[in-house]
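1. fold the following, please.
(one chain, ligands or ions: 1)
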Amino acid sequence: MDAIRIYGGKCLEGQTRIQGSKNASLPVLAATLLIKGTCEIENCPEISDVYHMLRLLESLGCKVVREGTLVRINTEQLSECDMPADSVGVMRSSIMLLGALLARLGGVKMEYPGGCVIGARPIDLHLRSLRNMGVRVEEREDGFSAYAGRLKGTRHRLPFISVGVTENLILAAVLAEGTTVIEPAAREPEIQTLCEFLVRAGAKIEGIGSGCLTIQGVDRLFPVRFGVPADRIAAGTYLAACMCAGGQVFLQGAPVSHMESVLLQARRMGAGLTLEENGILVTCRKKPAGCGQLVTGCYPAFPTDMQSLFMVAMAVSDQPGWIEERVFENRFRIVPELRKMGAEITVRENRAYICGRGGLHGAIVQAEELRGGAALVAAGLAAQGTSIVTNRHYIDRGYEDIVSSFRELGAEIEPA
Ligand code: UD1
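-> Take a look at the predicted model:
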């Protein structure tokens with residue numbers, strides 16, 4: 001049952017509630033390691049990446065109790081510093097535990113982290129920046145060990161913007177000695193959420209939401225109860241699927257203020273959007289219009305995580321367009337799969353040229369990463385005939401239950 005069968009060519013109609021954010025909950029869960037006592041995290045999505053993160057926390061000695069989307073984490077008995085290789089191996093965000101564990105325990109031994117295969121995704125900048133805070137790193141072929149006394153605040157001038165590095169440095173800095181400056185810091189909403197969580201717990205962080213964060217280390221943090229915001233990428237996924245298949249859907253709880261570039265792009269491609277207090281009403285009565293060009297970038301630019309979904313919308317349109325990927329070098333992995341469904345797409349370096357042939361047909365296709373997998377499901381919904389998307393486990397890393405959500409939206413879709 002690692003596949004999804006879709007009977008396509010039917011408009012979407014209905015409403016679905018948007019889950020809590022994956023990319024916000026993972027660093028917040030890592031941050032609980034910095035706090036002695038029990039933190040309660042609400043609206044934590046029930047996805048496999050969260051499951052792996054909780055397993056990692058348990059393996060480090062945390063007591064984890066989960067009641068649906070509420071997670072209680074007690075970090076009183078933290079001890080173990082060797083992390084289970086299988087969980088580290090599947091999830092890149094396990095690197096986030098590095099800064100937190102060094103701050104709390106002074107040492108950590110781990111394998112190189114995994115995650116979606118969407119480019120080289122090295123961790124060189126993580127390690128280099130932490131070395132600047134007094135961390136000794138010993139690299140091995142399959143992993144590394146890192147040690148430090150109390151971390152030392154420092155001024156980081158990063159060569160490029162990285163979400164993960166910014167998060168790791170925040171986690172390392174909140175309990176460090178002295179002041180840490182991170183510049184340029186990533187400005188993704190998930191970074192703001194992490195900072196808000198830490199400030200509630202007693203951290204001193206200035207410049208939240210800007211490209212320069214200043215963190216004054218404190219001696220300790222205190223347990224809090226905290227709610228994770230809705231997932232802007234999941235909301236964008238259902239929006240894009242409606243653009244591809246047509247219809248009218250209400251995205252309950254969609255975080256409108258964090259979706260500006262995606263909403264702008266959707267409007268450009270002809271989607272009708274009514275922004276309401278508790279969500280977004282999406283109306284797509286015609287095929288998507290061509291959008292000409294689309295360039296991904298760091299927030300607030302168009303998110304790389306939404307790129308493959310909009311590629312499907314462009315393939316369904318009957319006008320040509322191109323996408324330039326500026327964050328990850330290998331994020332066009334769905335192109336050969338979309339070709340099986342009749343799409344005409346040419347890739348040259350970091351640009352994909354989409355012919356826009358007005359429609360797709362059903363096929364058996366293979367998910368190779370999380371967002372690409374969701375995009376193939378959207379393609380299946382838009383296509384004439386039946387499609388099967390294999391490797392569902394990639395999709396389950398980030399979506400609570402994509403089959404049920406699309407069923408709420410009237411799709412004919414089932415596990416296969
Ligand atoms: C995070 C998100 C991911 C999103 C990405 C970009 C989480 C769990 N994941 O991933 O969904 O697509 O931001 O918005 O929040 N790089 C290096 N060396 C390093 C670190 C990064 O070269 O040490 C490169 C990467 O290969 C990539 C670029 O920097 O080309 C940006 O990556 P980064 O922002 O770090 O992405 P992640 O934090 O992995």
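2. any idea of the pLDDT on the closest residue in space to residue 285 that isn't next to it in sequence?
-> Excluding the flanking residues, the one nearest residue 285 by Cβ to Cβ, 6 or more residues apart in numbering is residue 246, at 6.8 Å. (Glycine included, C-beta is placed from N, CA and C.) pLDDT for residue 246: 97.
3. tally up the residues packed near residue 246, please.
-> 20 (other Cβ atoms under 10 Å).
4. quick one: residues contacting it.
-> Residue 246 is in contact with 11, 12, 284, 285, 286, 287, 382, counting by Cβ atoms under 8 Å, 6 or more residues apart in numbering.
5. ramachandran angles for the closest residue to the ligand within the chain?
-> Distance from the ligand to each residue of the chain (Cβ to the nearest ligand atom) is smallest for residue 164, at 2.7 Å. Dihedral angles of residue 164 (phi, psi; degrees, to the nearest 10) stand at phi -60, psi -40.
6. could you measure from the closest residue in space to it that isn't next to it in sequence over to residue 85?
-> Distance criterion Cβ to Cβ, 6+ apart; nearest residue to residue 164, sequence neighbours excluded, is residue 95 at 6.1 Å. Distance of residue 95 to residue 85, given as Cβ to Cβ, to the nearest Å: 14 Å.
7. what does the stretch 201-350 of the chain put close to the ligand?
-> 304, 305, 327, 328 (Cβ under 6 Å from any ligand atom).
8. where does the stretch 101-250 of the chain dip in pLDDT?
-> Low-confidence segments of the stretch 101-250 of the chain (pLDDT under 70): 114-121.
9. let me see the ranges of the strands in it.
-> Using DSSP state E, counting those that start in this stretch, the strands found in the stretch 101-250 of the chain span residues 107-111, 136-139, 143-147, 155-157, 179-183, 204-206, 213-216, 225-227, 247-252.
10. which stretch among those comes nearest residue 356?
-> strand 247-252 (20.0 Å; Cβ to Cβ).
11. tell me how far the closest residue in space to residue 367 that isn't next to it in sequence lies from residue 391.
-> Spatial nearest neighbour of residue 367, excluding adjacent residues (Cβ to Cβ, 6+ apart): residue 373 at 3.0 Å. Here residue 373 is placed at a distance of 7 Å from residue 391 (Cβ to Cβ).
12. show me what contacts residue 228?
-> Contact partners of residue 228, counting by Cβ under 8 Å, 6+ apart, are 20, 21, 24, 25, 28, 41, 42, 43, 44, 45, 193.
13. most neighbours among these, which one?
-> Counting neighbours by other Cβ under 10 Å, residue 25 leads the contacts of residue 228 with 30 neighbours.
14. that one reaches residue 50, doesn't it?
-> Yes. Using Cβ atoms under 8 Å, residue 25 is in contact with residue 50, at 5.9 Å.
15. could you name every residue contacting both of the two?
-> Counting by Cβ under 8 Å, 6+ apart, the shared contacts of residue 25 and residue 50 are residue 44.
16. what about the nearest residue to residue 157 once chain neighbours are set aside, how many residues nearby?
-> Among residues not flanking residue 157 along the chain, residue 183 sits closest, at 6.0 Å (Cβ to Cβ, 6+ apart). When neighbours are counted by other Cβ under 10 Å, residue 183 registers 16.
17. against residue 230, how distant is residue 183?
-> 29 Å.
18. how about the contacts made by the most centrally placed residue in the chain?
-> Most central in the chain under Cα atoms, centre = their mean is residue 23, positioned 4.1 Å from the mean C-alpha point. Listed by Cβ under 8 Å, 6+ apart, the contact set of residue 23 reads 163, 188, 190, 231, 233.
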